[in-house]
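**Student:** From the sequence below, what's the structure:
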Amino acid sequence: MARTASALHILVKHKELAEEIIQKLNKGAKFDQLAKKHSTCPSGKKGGSLGEFKKGQMVPAFDKVCFTGELITPHLVKTKFGWHVIKVLYRT
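**Tutor:** Okay, here's the model as predicted:
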């Protein structure tokens, strides 16, 4: 079982915007450019990169996607912080 993961994410306040971002990604838009434009998280300035983190380090719903969701596919997750578009890069 994976103990660490690396992911990119874009945090927004509204589900509609998160869904629009996923549609743009599915049409070939660059994740880092969308993160810089839309993300309210400080990681947006780094193209949404969260780097590598350990299992249990993120809030539960976010953690679950990062450790069980399909790699590279954009996922939509709601947490107490808002709506996240998450792209899991790898697990180790």
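**Student:** And Lys27, how far from Thr73?
**Tutor:** 14 Å (CB to CB, to the nearest Å). Bear in mind the C-beta positions are built from the backbone N, C-alpha and C, glycine included.
**Student:** Tell me which of these two has more neighbours.
**Tutor:** Ranked by neighbour count (other CB atoms under 10 Å), Lys27 and Thr73 place Thr73 first, with 12 against 7.
**Student:** Any idea how many residues pack against the nearest residue to that one once chain neighbours are set aside?
**Tutor:** In this structure, Thr73 finds its nearest non-sequential neighbour in Lys87, 7.4 Å apart by CB to CB, 6 or more residues apart in numbering. For Lys87, the neighbour count with other CB under 10 Å is 22.
**Student:** element containing Lys87?
**Tutor:** Element membership for Lys87, per DSSP states H and E: strand 82-91.
**Student:** Report the distance from that strand to the chain centre.
**Tutor:** Here strand 82-91 is found 2 Å from its chain centre; the criterion is CA atoms, centre = their mean, to the nearest Å.
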